[in-house]
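Peer 1: sequence first, then the predicted structure, then my questions.
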Amino acid sequence: WDLRALRCSFSAACECDFRPDVRGLECDLALNLVGQHLVRQLVVKGVREFLQNHDPVKPLVMSFHGWTGTGKTYVSSMLVRYLFQDGVRSPYVHQFSPIVHFPHAEQIEQYKENLKSWIQGNLTNCGRSVFLFDEMDKMHPGLIDVIIPFLGPSWVVYGTNYRKAIFIFISNGGGEQINRMVLDLWYARKDREEISLQDLESAVSEAVFENPNNGFWKSGIIEEHLIDLLVPFLPLKQHHVKQCVVNELTQQGLTVQQDIIQAVADSIPYFPEEERVFSSTGCKTVASRVTFFS
Ligand SMILES: Nc1ncnc2c1ncn2[C@@H]1O[C@H](COP(=O)(O)OP(=O)(O)OP(=O)(O)O)[C@@H](O)[C@H]1O
């Protein structure tokens, strides 16, 4: 008899689908996430502490920032996989993309209402829900503030505690600032790993808060410090790209060949243009290039 299955048939389904494995997440990140030491530390520590607390004062709110192809979606999907048995397909994981769900600026008031009731309904159904907001930099400013009441410490409806939910925002906003800081370190002949988290955090918050084209523009979410973890994704260097190629070859069951690794790494654009230090597209196009060069 599977005792868990038996218990599941009598209890709230969502708690049953919720099977967090933080150690598994930690291992997977250590093995497969390339060149993002801050991300690994912040996400594992943040999620572990949040899950260890059986009575959290507020939901866990994380915001992922960085240049394209640096691993934001990759990490969020991995996290969800280690939280829910069905991963991103779990009915308790909800993804929002502005282009798909909120395409028309003139319907913003309707979107606000829909988003609020959607979140409220799903939280009533399952306090352990995860909400993923992709491409925050393409979200109409003002829309996201409608979820502020769900992110703070005082949101309790009908006696249900909503503080066990996890909210993840993903955005390229602040990516330029992160790249600039890492590049300045490189010009100063310092390691990219020497970057200060505090400096990054304030530069990113300021950048997204002050950009009128960003979903966080003048947002109460930033102003009221509702984000628990601002997670900066650093630009990847050529040796990181090579590691992504190795991962991809292995995953596709292909032989790891030096000439393919070199050919893929050489075919990618880098910045600064002359020195070719950081990948302009991270590891984003690695999979398709591996197919092309193999
Ligand atoms: N740091 C990384 N370590 C390992 N693989 C990576 C990393 N970054 C990106 N990749 C690979 O590149 C693919 C694309 O990355 P991902 O979609 O996570 O980028 P992103 O940061 O979300 O980009 P965008 O801002 O354009 O959405 C991933 O599926 C993964 O295979």
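Peer 2: Happy to help now that I have it.

Peer 1: what does the protein put close to the ligand?
Peer 2: Within the chain, the positions adjacent to the ligand are 32-36, 66, 68-74, 172, 244, 282-284, 286 by C-beta under 6 Å from any ligand atom. Heads up, the C-betas are built off the backbone N, CA and C, glycines and all.

Peer 1: now the buried members of those.
Peer 2: Buried members of the residues of the chain next to the ligand, counted by 16 or more other C-beta atoms under 10 Å: 32-36, 66, 68-72, 74, 172, 244, 282-284, 286.

Peer 1: sorry, back to before: so which of the residues of the chain next to the ligand sit within helices?
Peer 2: 32, 72-74, 244, 286 (DSSP state H).

Peer 1: ok, so of these, who is nearest Ile144?
Peer 2: Lys72 (16.9 Å; C-beta to C-beta).

Peer 1: could you find the closest non-adjacent residue to the closest one?
Peer 2: Leaving out its chain neighbours, the residue that sits closest to Lys72 by C-beta to C-beta, 6 or more residues apart in numbering is Phe64, at 4.3 Å.

Peer 1: what ranges does the stretch 101-250 of the chain have for its helices?
Peer 2: All helices of the stretch 101-250 of the chain, identified by DSSP state H, counting those that start in this stretch, fall at 108-125, 148-151, 175-187, 197-210, 220-223, 238-251.

Peer 1: state the pLDDT value of the nearest residue to Pro212 once chain neighbours are set aside.
Peer 2: Nearest non-adjacent residue to Pro212, counting by C-beta to C-beta, 6+ apart: Pro141, 6.5 Å away. In this model, Pro141 is scored at 87, pLDDT.

Peer 1: Pro141: what's it in contact with?
Peer 2: Contact partners of Pro141, counting by C-beta atoms under 8 Å, 6 or more residues apart in numbering, are 212-219.

Peer 1: what two of these are the furthest from one another?
Peer 2: Asn213 and Ser219 (12.8 Å).

Peer 1: ok, those two, which is more surrounded?
Peer 2: The neighbour count for Asn213 versus Ser219, taken as other C-beta atoms under 10 Å, is higher for Ser219 (22 against 11).

Peer 1: pop out the phi and psi values for the more buried one.
Peer 2: Main-chain dihedrals, Ser219, degrees, to the nearest 10: phi -80, psi 140.

Peer 1: pLDDT score for the closest residue to it other than its chain neighbours?
Peer 2: Nearest residue to Ser219, sequence neighbours excluded (C-beta to C-beta, 6+ apart): Asp145, at 5.7 Å. Asp145 carries a pLDDT value of 90.

Peer 1: which residues sit in contact with Asp145?
Peer 2: Contacts here follow C-beta under 8 Å, 6+ apart; on that basis Asp145 touches 219-221.

Peer 1: and Val39, by the same measure?
Peer 2: Contact analysis of Val39 by C-beta under 8 Å, 6+ apart lists 29, 33, 64, 71, 75, 231-233.

Peer 1: who's the closest spatial neighbour of the residue of the stretch 151-294 of the chain found nearest the ligand, skipping the chain neighbours?
Peer 2: Per C-beta to the nearest ligand atom, Cys283 is where the stretch 151-294 of the chain lies closest to the ligand, at 3.6 Å. Once flanking residues are discounted, Cys283 sits nearest to Cys244: 3.7 Å by C-beta to C-beta, 6+ apart.

Peer 1: would you agree the one you found is in contact with Val34?
Peer 2: Yes. Using C-beta atoms under 8 Å, Cys244 makes contact with Val34 at a distance of 5.7 Å.

Peer 1: next one: phi and psi at Gly142?
Peer 2: phi 100, psi -30.

Peer 1: that one: how many residues sit nearby?
Peer 2: Neighbours around Gly142, by other C-beta under 10 Å: 15.

Peer 1: secondary structure element holding Leu51?
Peer 2: helix 37-52 (DSSP states H and E).

Peer 1: that helix to helix 197-210, inter-axis angle?
Peer 2: For helix 37-52 against helix 197-210, the angle by axes from the mean of the first three to the mean of the last three C-alpha atoms, to 10 degrees is 80 degrees.

Peer 1: in PDB, list the C-alpha atoms belonging to helix 37-52.
Peer 2: Output in PDB follows, covering the C-alpha atoms of helix 37-52 (Å, rounded to 0.1, in the frame of the first residue of the first chain):
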ATOM      1  CA  HIS A  37      26.900  31.300  -8.200                       C
ATOM      2  CA  LEU A  38      24.700  34.000  -6.700                       C
ATOM      3  CA  VAL A  39      21.500  32.500  -8.100                       C
ATOM      4  CA  ARG A  40      22.400  29.100  -6.700                       C
ATOM      5  CA  GLN A  41      23.000  30.400  -3.200                       C
ATOM      6  CA  LEU A  42      20.100  32.800  -3.100                       C
ATOM      7  CA  VAL A  43      17.500  30.400  -4.500                       C
ATOM      8  CA  VAL A  44      18.500  27.400  -2.400                       C
ATOM      9  CA  LYS A  45      18.800  29.300   0.800                       C
ATOM     10  CA  GLY A  46      15.600  31.300   0.200                       C
ATOM     11  CA  VAL A  47      13.500  28.300  -0.700                       C
ATOM     12  CA  ARG A  48      14.900  26.100   2.100                       C
ATOM     13  CA  GLU A  49      14.300  28.800   4.800                       C
ATOM     14  CA  PHE A  50      10.800  29.500   3.500                       C
ATOM     15  CA  LEU A  51       9.800  25.800   3.500                       C
ATOM     16  CA  GLN A  52      11.300  25.100   6.900                       C
END
